[in-house]
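> coordinates for the following, if possible.
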Amino acid sequence: MNFRSRLYVGEVMHLRWRPRRHRLRHTCFWFLYDLDEIDTLDRGLRWFSAERFNLLSFRTADHGDGSATPLRRQIERHLRQAGFDPTDGTIQLLCMPRVLWYGFNPLSVYFCRDRDGALQALIYQVHNTFGERHSYLIPIGLGDKDSNIQQSCRKVFHVSPFMDMDMNYDFKVRAPDERVTVVIRSSDGQGPMLHAVLSGTAVAVDDRALVRLSLANPFLTLKVIAAIHVHALVIWLKGVRLRPHPKAPPQAVTQVSLATNTKAMSR
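This next block holds a predicted model:
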C-alpha cells in the first residue's frame, strides 16, 4: 500500500556557543504524518497503531492542546484565527512516533498547505521537560520557497533551564520532499547562543521500514528524554547556572504576523 505519509531518517545536532561550548549529535527518525491519513496508516500497517499500543504509535493527546479533539480540527481552528483558509488543504506533522507507547517530542512541526498545495504557514510546537507545551504559528513569507523558508519570532515559552527568556528564534526550513531540514538559531542581545539542526532523508512507509528503523534506533523516544537530562547534567557541571522557570504563556499558540516575522528577521 502506498501512503502519502513518509518516514525521515537522519540526525539531530545541537551546538551551544555560550557561556560554555557544548555539542551533541544523535541519530533519529521521524514520521511525517498526513493528518488525513492516520486511520489509514492504522489499518494498513501491522507495526503501527493510532490511539493504542504497538511498536510505533500515534496518540492525539501528545499533540495540539492535549485533548482528544481531532488534531486536524485543532490546527484548522488556529489557522482560521490567523486569517488562513485551510479548507481542502493538507496538514502534515513532522514528529517522532510513540515507541512502545512512550512518546516525547521536544519539537514538532506542522506544514500547512492550501487547496492548491502552497504552504500557508508553519506551526512549531515545543514541549519542555516540565510537562508544558506551546506553539508558534508563523506565516510563509512572500519570498519563501519550499526549499528555503526563513522565519523568526521572539521566545515566549521556557524550554531549557540554562537559557534566558529574552531571546529570538530564527528558523531556516526545507519543507519535506526527498529531504527535510529544520535549522533553529537562538540568539540574545550578545549574538547567537544555540544552533540546532534536524535533518533527514525520506523513506517510504511500510512494515519492513518500521521494524528496521526501530531496531537501528531502539527505544528512540526514551533515549531522547534520557539524553536531554544527561546533557543537562554535563552543562551544569561545566558551570552554567540554572535560570528560574517562568509561567507558560496563557495562550496555547503564539500567532506571529508576517510583519513581525519580517521585522525580527531583519535584526
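> quick one, strands of the stretch 151-267 of the chain?
168-174, 179-188, 191-204, 253-255 (DSSP state E, counting those that start in this stretch).
> now these in a markdown table, with mean neighbour count, mean pLDDT and distance to residue 150?
(C-beta placed from N, C-alpha, C; glycine too.) As requested, the strands of the stretch 151-267 of the chain are exported to a markdown table (neighbours: other CB atoms under 10 Å; pLDDT from 0 to 100; distance: least, CB to CB, whole Å):
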| stretch | mean neighbour count | mean pLDDT | distance to residue 150 |
| --- | --- | --- | --- |
| strand 168-174 | 19 | 98 | 5 |
| strand 179-188 | 18 | 98 | 10 |
| strand 191-204 | 16 | 97 | 15 |
| strand 253-255 | 19 | 97 | 18 |
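> could those be laid out in TSV, adding distance to residue 244?
Putting the strands of the stretch 151-267 of the chain into TSV (distance: least, CB to CB, whole Å) gives the following:
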stretch	distance to residue 244
strand 168-174	20
strand 179-188	16
strand 191-204	18
strand 253-255	21
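> minimum distance to residue 210: which of those strands has it?
strand 191-204 (9.8 Å; CB to CB).
> now the angle from the closest one to strand 179-188?
If you take axes from the mean of the first three to the mean of the last three CA atoms, to 10 degrees, strand 191-204 sits at 170 degrees to strand 179-188.
> can you list the strands that strand 191-204 pairs with?
Within its sheet, strand 191-204 is paired with strand 6-16 (antiparallel), strand 179-188 (antiparallel), according to DSSP bridges.
> what's the biggest helix by length in the chain packed up against?
Secondary structure of the chain per DSSP state H: the longest helix is helix 220-237. Here helix 220-237 touches strand 22-34, strand 98-99, going by 3 or more CB pairs under 8 Å, 6 or more residues apart in numbering; DSSP states H and E.
> deepest in the core, which of these is it.
Of all those, strand 98-99 has the most neighbours on average by mean count of other CB atoms under 10 Å, namely a mean of 22.
> following element in sequence after it, please.
strand 107-113 (DSSP states H and E).
> quick one: what helix or strand has residue 76 in it?
For residue 76, the host element (DSSP H and E) is helix 71-81.
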